[in-house]
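Colleague: Fold the stuff below for me.
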Amino acid sequence: MPPVRSLNLPDGLEEYTENRVLCRICTDREGATQDVVFLRTSRHGHLSSQGHKQALEILQLRGRTENGQQPPEPQTRFRQALHPVVLPKSIIDLLAEGDSDNESTNRDDETRDRLSGLVLEDGMVFDGLEQVYFTAGDEPDKEQRKHRQQLTAQLRNLAWYQRDNDVSGRDLLSAIDEPDDELNDLTWLVEDDNSNDESDSSDGGIAAHAEWAPHGSKTMFMLDLLDHLPRLRLSDDHLRAVIWIMRECGTPDVPAFSALRKMQSKLDGEVGLASQHHTSSLGNHFYMNHPAKLLALDWANPMVRKEMNIYPENEPEKGMSEMWHGRKWTTEGSVDELTPMWCDWNNPGSKHFYIQEITELVDGTFAMPLRWTTQNGIVHAESYRLHYSTSVRTKLLLSRSYEGADSRQLDGKKHSRSPGFEICATQIFVARQIAIADKSLSAAPNPLRRKANGKAMYRIRVMTWSDDVSGNVSKQYNAHTNVYVQNLSLPHKLLSQEYFVRFCSTSSHASSSEQLTALINDFRSDVWHEAYDCWTEQEILFQLIPHVLPADNPQQSEHASHIGGNGQMNCRRDKMGGSIDPRILTFHALTSQPGADRQTYDTVNSIKAQIRLACYGSKDLVQLSATQSGVKDKIAQHWIEILLEKAKQRQQELLFDRETRDSRLNERMSKEARKSLSENIKRTIQTELWSWIVTQPPMSFEKLAENDPARKDIRPGDHYNILLSIPAINPHRDTPVELLHTWLLGNSKYVWHTTNTKWDSKSEELFATRLQASDLHGITTPPPRASYLIRYKNSLIGKHFKILGQLAVFHLHDLCSDLLFELWKASGELGAYLWFPEIHNLEEYLADLQILIDNLLNIWAQIDPGKIVVKHPFQPPIPK
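Modeller: Coordinates of the predicted model:
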C-alpha cells in the first residue's frame, strides 16, 4: 500500500497511529465510553457527521456557560454552533427603518404577520432554519446542482469503506473537493441506470451517422456487438467500465450506458423477434422463435444475401457439393416448391416473369417457362416454345427447351395474356417431344402474380432438425428437446458456422413432434412472409419449403412415426424385417435388396387403425399392430393410452358392473347371444370414444369451421405427427444418413469394439505405441493421443473414431485376425467415400458406393451376421 501523504489535522483531531486519528471533541464529551478513532482518510466524513456536530455544540455551550453567557434559544442553537455570530434584525425591522412614517402607518397587520418570521443572515433570508429562495422562475442549473449534490453524497459514502488510495492514486474524498472536471470523471461509478434526464436520449446526445444506421455511430454499434457476443457474456458493470475506459482514451461518440440500453430496446422493438407462446395438443407449454422471422434477416444482411441461391442448379461445373445440386431440388420436387419467377435485376425496366405463363420473346415468338434453374451461374428456363396454329385441334405436340434467361431473349415490356390461343410446338429447340392429347394451356396470368401485388416472390429450402440435449451447466443430465433450422439456400461453407444455426425452441416437456407442429405453421403452402431484400432494395415475399430432416437414428424414427431400431420392422425407410431369427439367416437374406418403400399414407392409416383399436379397448391388438407394421407415433401414443383407460372404464360400467351395466345382460340368453351382445356394446363404446377423440383438444376443434370434414376425423398435429401431412417432405425418405451416429458411432465403433475386446495389456500397449508414432503428413487430424484412446477405449466419441478410421489399419497387421483386418480395410475404403466433398459423376459414385457397402456387409456376415439385422446403422441405404 502506498504511504499516506502528510496532512495538517484540523482542531480537535490528534494523531493516533500512522493511518488513524483520534477526535478529542467526541472522546471527551459527556457519556463517551471509548476513544473515537477512525482512518485518516475518513476524517471529512466524521467532521460532517451528526454525532460530531452534537459534540461540538455541547462543547460550545459549556464554554458559554463558564463565561456567564445565557444559552441560545432552541431554534437558533444549531446555527449558532456552526456560525457563532449574532443574528441581525428581522425583515420587519429592516423594512420599518427604510419606510416613511406615512408608509409605515399604512402597512397592514396581515403583511407584518407574513414577514414576522423572516431574518437576514449573510445576504440570505431564513424562515426559521430553512433558507428562502426568491426567483422569477426555475433555476437553470437547479437539477444539475441537485444531481451533483447526490453524486457528492454517494461518493462521500464510498469513502467510509475506502481503506487505501483510490482514483488515480489520490484520496477519494480529496477528489470530491477538486474542480468539477475531476468530479465528472468519477460519475460513472454511481451512474443512475433509470435516469430520465432529457440529455440521456437514445443517441446519447451524439450526432447520428447515416452509414451506421440504425445504431447511429460506429462506437454504439461496437458496444452493441460486444454486448451480444454469444460466448463472452458481459455484465452491466463490465460495460460501464468499458465505456469509462473508452472515454478516458478519447474514443469519439462514446454513449452513456443508459443510452446503449435504450437503443437496444428500440432495435428489439423494430426487429420484432419476440418468442411466441404455444400450447401443444398434449397440453405442454413452450416458446418458439419462428423461422420465418429468423430467416427474413438473411434477406436484409448484405453479407448473407449475396451468398443465397434461390434457383436449383443443373450440371454444376465444379461437381455436386451443395443442396441445390441434388435431385430432390432440381427434378424430383414439384414446381410449386420452386421459385415461381425471375427478373433481370440488372435491367431497371425488366418485368417479373412467372412460370406457367405465356410470355412473348423479343423476336416475337412465344414461350411458356415451366421452371427456373441455373447452369454455370446463369439463370435458365425449362420451357415450351410456342407459336400460333390453326391446324392442331385434338392433339398438341409440345417440345421442351432449356435456354438461358436474359434480357436479349425475354421481352421485359410485353406479356401475352390473350385468352383462348391454339398453340403447338416449334421444331427449333427440340430437346424431347411430348404428345399431349386434349391439352390446352391457359394464357391467363399466374395466380401468384395477383398475390404478389408487384413484389418479387421467392421460395427457399430449409433444414429442420431436433435433438435432446442437457439443459444444465453442470454434468448432471437434464434432458431438453431443442429444435433448430438452417437456410439451405446458403453454401455448405456457411452452414458449418455456428452463426447460421438458428435456434427455434426448447422444452423439457414438449417432444420434438409437438414443437414441430408449431413450427410447421411457417411452412404452409398458402403462407407468404414479408422481408426486405437488400440486394434489390425492395420489399419481397418468400416461402419456406422443408427439405430434409437430419438427426440421429432414434430422432429420425420419431420423425417418421417409426417404432425404432429395436422393433422387428426396424427400418424407417422400407418394410424390411419381421420375426426372423438372425442365427438362421442365410448369407443371401442378409445382403438382399430392401423391402417395399414406406409411404406416408400407409403410416397414417396404421396410426388411425391403432387409435380405433384403442377405442375398442384392446391393448394387445394395439401392440400387435405396432409390431407388425413398425408404426408407433409419439403424439398418437398419448391419446391411445387415454383411450385405453376410458374404454376400460366404460366397459366396466356397461358390461361388468351389475348396477350400471346394460339391462339386456341381466336377461337369460344363450352363450353365443351374450357374446354377440357384448361385442355390440364394445362397438358402441368404440364409436362413442371415436366421437370424443376427434373433438380433442377442444381449443383446436373449436377453430374448425362447421362444415370442415376434419371435424369428423383425427388430425395431423393434434392426434399424430404433422410431418406426415406436409406435401414437400416425406419423413421416410427425407431423413438422410447422418455420419456421426450412423457411421462413426455405428460401424466404426463396432469394428473398434470387436477388435480391442480380444487384446491383453501388452497388445494394447503395442498398438498405442504404433498409433502415437503415426506420420500425420497429408491428413488434417490432430495427434491421436494413443494412450488416452486405449485407456478410455469404451468411451470414445466421434472425433476419436475418425482418427482410428484413418490410422488404425496401418498398425493392426499382427494384432487381429485376417478376417478382422479385411474388415478394417473395407471400413476405411467406405469411410473415405462417405466424406466426398464434390461428386462429379453421380451415377459412377453411387455404383462405387454400392460396391463398397456390399464389401463391408459381406465381411460382417462372416464375423457377426446378427448385427446386420439387429443394429440399425447396418441397414444399407441402397438407392433404387
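Colleague: okay, and for this protein, where does confidence drop off?
Modeller: Using pLDDT under 70 as the threshold, the predicted model of the chain has low-confidence ranges 1-7, 30-35, 63-141, 153-208, 387-443, 471-475, 578-594, 869, 872-880.
Colleague: middle-most residue in it, spatially?
Modeller: Nearest to the mean C-alpha position of the chain, counting by C-alpha atoms, centre = their mean, stands residue 503 at 2.6 Å.
Colleague: That residue belongs to a strand, doesn't it?
Modeller: Yes: secondary structure assignment places residue 503 in a strand (DSSP: H, G, I helix; E, B strand; the rest coil).
Colleague: In a helix, residue 464, correct?
Modeller: No: secondary structure assignment places residue 464 outside any helix; it is strand (three-state DSSP).
Colleague: Use 494 as the first number for this chain going forward.
Modeller: Fine by me, first position is 494 from now on; the one you just mentioned is residue 957.
Colleague: Okay, and the spatially closest residue to it that is not a sequence neighbour sits in which element?
Modeller: Once its chain neighbours are removed from consideration, residue 957 has its nearest residue in residue 978; the separation is 5.2 Å (C-beta to C-beta, 6 or more residues apart in numbering). To be clear about C-beta, it is placed using only N, CA and C from the backbone, and glycine gets the same treatment. For residue 978, the host element (DSSP states H and E) is strand 972-980.
Colleague: So what are the sheet partners of that strand and their directions?
Modeller: Strand 972-980 has its sheet partners listed here by DSSP bridges as strand 949-963 (antiparallel), strand 995-1000 (antiparallel).
Colleague: So for residue 1236, which of the ones you listed sits nearest?
Modeller: Comparing the strands paired with strand 972-980 by their distance to residue 1236 (C-beta to C-beta), the top pick is strand 949-963, with 17.3 Å.
Colleague: how far out from the middle of the chain is that closest one?
Modeller: Centre-to-centre, strand 949-963 and its host chain are 12 Å apart (C-alpha atoms, centre = their mean, to the nearest Å).
Colleague: just stretch 858-878 next, same as before
Modeller: On C-alpha atoms, centre = their mean, the centre of stretch 858-878 falls 37 Å from the chain's centre.
Colleague: Would you mark the buried spots in that stretch?
Modeller: With burial defined by 16 or more other C-beta atoms under 10 Å, the residues of stretch 858-878 counted as buried are 859-867, 872-878.
Colleague: quick one: which of those sit in strands?
Modeller: 859-867, 872-878 (DSSP state E).
Colleague: tell me the two of those residues that are most distant?
Modeller: For these, the maximum inter-member distance is 23.2 Å, found between 859 and 867 (C-beta to C-beta).
Colleague: what's the burial count for residue 1153?
Modeller: 10 (other C-beta atoms under 10 Å).
Colleague: Would you mind confirming that it makes contact with residue 1143?
Modeller: No: taking contacts as C-beta atoms under 8 Å, residue 1153 lies outside contact range of residue 1143: 10.1 Å.
Colleague: where do the helices sit along the stretch 1144-1293 of the chain?
Modeller: Per DSSP state H, counting those that start in this stretch, the stretch 1144-1293 of the chain has helices spanning 1164-1186, 1191-1194, 1232, 1242-1249, 1254-1265, 1279-1284, 1291-1300. These are given in chain order.
Colleague: could the ones you listed be laid out in TSV, adding distance to residue 1339 and mean neighbour count?
Modeller: Rendered in TSV, the data for the helices of the stretch 1144-1293 of the chain read as follows (distance: least, C-beta to C-beta, whole Å; neighbours: other C-beta atoms under 10 Å):
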stretch	distance to residue 1339	mean neighbour count
helix 1164-1186	45	15
helix 1191-1194	44	13
helix 1232	17	17
helix 1242-1249	24	19
helix 1254-1265	34	16
helix 1279-1284	34	17
helix 1291-1300	22	19
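Colleague: how about the ones you listed, which one is nearest residue 539?
Modeller: When the helices of the stretch 1144-1293 of the chain are ranked by distance to residue 539, counting by C-beta to C-beta, first place goes to helix 1279-1284 at 63.8 Å.
Colleague: Output the contacting helices and strands for that closest one.
Modeller: Counting by 3 or more C-beta pairs under 8 Å, 6 or more residues apart in numbering; DSSP states H and E, the packing neighbours recorded for helix 1279-1284 are helix 1254-1265, helix 1291-1300.
Colleague: Relative to residue 823, which of these is closest?
Modeller: Taking C-beta to C-beta, helix 1291-1300 is the member of those nearest to residue 823, at 31.0 Å.
Colleague: What lies in contact with that closest one?
Modeller: By C-beta atoms under 8 Å, 6 or more residues apart in numbering, the list of residues contacting helix 1291-1300 from outside reads 1233, 1237-1238, 1241-1242, 1245, 1264, 1267, 1272, 1274-1275, 1277, 1282, 1289, 1320-1321, 1324.
Colleague: Of all the helices of the stretch 1144-1293 of the chain, which one comes closest to residue 532?
Modeller: Nearest of these to residue 532, taken as C-beta to C-beta: helix 1279-1284 at 56.2 Å.
Colleague: can I have the closest one written out in CSV, keeping just the CAs?
Modeller: Taking Å, rounded to 0.1, in the frame of the first residue of the first chain, the C-alpha atoms of helix 1279-1284 are listed here in CSV:
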residue,chain,number,x,y,z
ALA,A,1279,-3.0,-43.0,-28.3
SER,A,1280,-2.7,-43.6,-24.5
TYR,A,1281,-6.0,-41.8,-24.0
LEU,A,1282,-7.7,-43.9,-26.7
ILE,A,1283,-6.6,-47.1,-25.1
ARG,A,1284,-7.3,-46.1,-21.5
